[in-house]
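1. this one's structure only:
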């Protein structure tokens with residue numbers, strides 16, 4: 001069994017419990033021991049970074065210390081968390097003076113940032129550490145060619161200089177990780193231009209019209225290319241897509257939920273009852289083998 005320090009972020013704990021449920025359900029089947037860090041704080045989501053860069057570094061250096069105590073890499077499940085933590089790690093390990101200033105402040109909590117725990121997204125941990133053959137081995141109810149649109153969002157790969165090495169060296173303009181995962185689950189990944197487009201989450205509060213337009217473009221593009229479902233790795237993308245999608249237009253799942261479905265995990269264990277975009281009967285019609293197995 002492989003051990004990881006799970007950085008849950010704030011959105012999955014407070015607004016979208018379905019993601020945490022699905023992550024733990026899939027990890028259990030794949031014999032991944034996720035030790036959820038309970039003393040970490042919000043990463044600042046880019047907003048703190050814009051207002052007070054040093055405070056953002058201090059906050060995330062503190063977060064890293066809890067994974068370092070366990071001598072484990074820090075695993076993220078949010079694109080924005082991955083972006084913020086990767087940039088913090090890059091700046092802290094690349095500038096001894098900054099690291100020294102940060103550690104001087106962390107002494108108040110008897111903490112010390114060392115730089116020994118890397119920030120890694122759960123998607124790439126699956127592909128690099130667990131491996132595609134092992135994932136395929138757990139598939140009990142394959143998707144039988146179901147056309148699924150992978151939506152990567154924009155923060156998973158940017159900034160490229162910082163994320164290099166944490167994202168399986170994917171081409172950020174033409175990523176393939178989610179598409180490969182969909183193939184391993186028996187589905188057919190849909191290729192469409194909007195797969196790496198920004199969903200507009202960070203503008204949703206002060207400019208909801210723009211967010212709604214961006215979401216509509218993404219969904220229209222996916223549907224126009226034949227998709228009957230969208231999967232994403234990011235809780236912020238997921239929240240925005242579900243909030244602004246036309247009601248009942250297309251199911252929007254986390255890829256971990258889709259994995260769990262093919263693994264034979266129950267509806268409730270994957271938190272599917274929390275998804276706003278899912279109409280149970282409509283989704284189950286797409287998954288007849290899962291339905292007939294009584295996993296709901």
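-> Sure thing, it's come through. It should be emphasised that the depicted structure is a prediction, and the values quoted were computed from it without experimental measurement.

2. Could you list the low-confidence segments of the stretch 151-296 of the chain?
-> 291-292, 294-296 (pLDDT under 70).

3. Going by residue numbers, what spans are strands in it?
-> 188-189, 229-232, 252-254 (DSSP state E, counting those that start in this stretch).

4. now residue 215, nearest residue through space, not along the chain?
-> residue 244 (3.9 Å; CB to CB, 6 or more residues apart in numbering). Any C-beta I mention is one placed from the backbone N, CA and C, and that applies to glycine too.

5. Roughly how far does that neighbour sit from residue 193?
-> Using CB to CB, to the nearest Å, residue 244 is found at 19 Å from residue 193.

6. And residue 34, its phi and psi?
-> The phi/psi pair for residue 34 (degrees, to the nearest 10) reads phi -90, psi 110.

7. need the contact list for it.
-> 4, 6, 23, 24, 27, 75 (CB atoms under 8 Å, 6 or more residues apart in numbering).

8. so of the residues you listed, which ones are in helices?
-> Among these, DSSP state H puts 23, 24, 27 in helices.

9. Quick one: low-confidence residue ranges for the stretch 1-150 of the chain.
-> Using pLDDT under 70, the stretch 1-150 of the chain drops low at 46.

10. switch the cut-off to 90
-> 1, 10-16, 45-53 (pLDDT under 90).

11. coming back round to it: any chance of the strands of the stretch 151-296 of the chain in a markdown table, plus mean neighbour count and distance to residue 220?
-> Listed next are those as a markdown table, based on neighbours: other CB atoms under 10 Å; distance: least, CB to CB, whole Å:
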| stretch | mean neighbour count | distance to residue 220 |
| --- | --- | --- |
| strand 188-189 | 18 | 18 |
| strand 229-232 | 26 | 12 |
| strand 252-254 | 27 | 14 |
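
12. Compare the ones you listed and give me the one nearest residue 36.
-> Proximity to residue 36 (CB to CB) singles out strand 252-254 among the strands of the stretch 151-296 of the chain, at 16.8 Å.

13. Give me the sheet partners of that closest one and which way each runs.
-> strand 229-232 (parallel) (DSSP bridges).

14. Please compute how far the strand it pairs with lies from its chain's middle.
-> Chain-centre distance of strand 229-232: 12 Å, with CA atoms, centre = their mean, to the nearest Å.

15. And stretch 194-212, by the same measure?
-> 17 Å.

16. Which of the residues in it are classified as buried?
-> 194, 195, 196, 197, 198, 199, 200, 201, 202, 204, 211, 212 (16 or more other CB atoms under 10 Å).

17. now, which of those sits nearest residue 222?
-> Of the buried residues of stretch 194-212, the one sitting nearest to residue 222 (CB to CB) turns out to be residue 194, at 6.9 Å.

18. Quick check: that closest one touching residue 217?
-> Yes: counting by CB atoms under 8 Å, residue 194 does reach residue 217; the two are 5.9 Å apart.

19. And residue 208, how far from residue 202?
-> 12 Å.

20. if we can go back for a sec, tell me how many other residues surround the residue nearest to residue 215.
-> Residue 244: 21 surrounding residues under other CB atoms under 10 Å.

21. Pull the contacting residues for it.
-> Contacts of residue 244 by CB under 8 Å, 6+ apart are 204, 208, 211, 212, 215, 216.

22. what number of residues lie near residue 138?
-> 17.

23. wait, doesn't it sit right on residue 261?
-> No: using CB under 8 Å, residue 138 is not in contact with residue 261; the gap is 11.6 Å.

24. Can you tell me the SS state at the residue lying closest to residue 44 once chain neighbours are set aside?
-> Excluding the flanking residues, the one nearest residue 44 by CB to CB, 6+ apart is residue 56, at 4.8 Å. Assigned by DSSP: H, G, I helix; E, B strand; the rest coil, the conformation of residue 56 is helix.

25. which residues are in contact with stretch 101-116?
-> Under CB under 8 Å, 6+ apart, the answer for stretch 101-116 is 54, 57-58, 61-62, 64-65, 68, 71, 89, 92-93, 99.

26. May I see the buried residues of that stretch?
-> Under 16+ other CB under 10 Å, the buried positions of stretch 101-116 are 102, 103, 106, 111, 113.

27. Serialize the residues you listed to TSV and add fields for distance to residue 48.
-> Shown next, in TSV, are the buried residues of stretch 101-116 (distance: CB to CB, whole Å):
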residue	distance to residue 48
102	14
103	19
106	17
111	18
113	17
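
28. Closest one of the residues you listed to residue 223?
-> Of these, the one sitting nearest to residue 223 (CB to CB) turns out to be residue 113, at 45.7 Å.

29. related to what we said a few turns ago, Serialize the contacts of residue 244 to JSON lines and add fields for distance to residue 125.
-> Formatted as JSON lines, the contacts of residue 244 follow (distance: CB to CB, whole Å):
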{"residue": "204", "distance to residue 125": "29"}
{"residue": "208", "distance to residue 125": "34"}
{"residue": "211", "distance to residue 125": "30"}
{"residue": "212", "distance to residue 125": "33"}
{"residue": "215", "distance to residue 125": "28"}
{"residue": "216", "distance to residue 125": "32"}
